[in-house]
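Peer 1: Sequence and predicted structure below; questions after.
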Amino acid sequence: MNVSEVNPYPSNDESAPRFEEAIGELEGIVERLERGQLTLDQALAEYERGVRLIRHCRELLQKAEQKIELLTGIDPNKQPVTQPFVEDDLSLEEKREKRSRRRGLKNGPRNDSGDELDR
C-alpha cells in the first residue's frame, strides 16, 4: 500500500492534529528537507510524515467545504437553505444524487442524469 493511501487519523481520532497544527508541522518538515542535512532515512521518514499530514489536511478541508456547501444553499425563493452536516454512510452515487437534489433547489429541477428540466 502506498503511504499516500493511508489515513493516519480516522475521523474520530481525538489525537489528530488540528488543521493549523498540521500546517505548522508541514512547514517544519519542508524547512528540514530544504536544509539538506538529514540522512536519507531521516529525509524519507520526514517525507512520509508530510504526505500523511497533507492527506489529513485535505480531508479536513473537504469536510469544511461540505459544511459550507450545506449552509450556503439558496431555494427558488432566494431564501437560505440550512441543515446540519451529518456524515452519512452513503455510497458515492447516493451522495452525488443527494448533492444534485440540493443544487437543484438553486438551479431548478433536474432529471436522473443531472440535466436541468424545463420549467
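Peer 2: Alright, I've got the coordinates.

Peer 1: ok, so what distance separates residue 78 from residue 68?
Peer 2: 19 Å (Cβ to Cβ, to the nearest Å). Backbone N, C-alpha and C define where each C-beta goes, glycine included.

Peer 1: higher neighbour count, the two?
Peer 2: Taking other Cβ atoms under 10 Å, residue 78 and residue 68 do not tie; residue 68 has more neighbours (10 against 7).

Peer 1: In a strand, the more buried one, correct?
Peer 2: No: per DSSP: H, G, I helix; E, B strand; the rest coil, residue 68 lies outside any strand segment and is helix.

Peer 1: how about low-confidence regions in the chain?
Peer 2: Along the chain, segments meeting pLDDT under 70 span 1-14, 69-72, 83-90, 102-119.

Peer 1: where along it do the strands fall?
Peer 2: 73-74, 80-81 (DSSP state E).

Peer 1: what's stretch 28-39 in contact with?
Peer 2: 43, 46-47, 49-50, 53 (Cβ atoms under 8 Å, 6 or more residues apart in numbering).

Peer 1: Now, of these, which are buried?
Peer 2: Among the contacts of stretch 28-39, those scoring as buried are 46, 50, 53 (criterion: 16 or more other Cβ atoms under 10 Å).

Peer 1: any idea how far residue 35 is from the first one?
Peer 2: Right, the one you point to is residue 46. 11 Å.

Peer 1: And for residue 99?
Peer 2: 44 Å.

Peer 1: out of those two, which sits in the more crowded spot?
Peer 2: Per other Cβ under 10 Å, whichever of residue 99 and residue 35 has more neighbours is residue 99, with 14 against 8.

Peer 1: circling back: ok, and which of the strands of the chain has the densest surroundings?
Peer 2: strand 73-74 (a mean of 14; mean count of other Cβ atoms under 10 Å).
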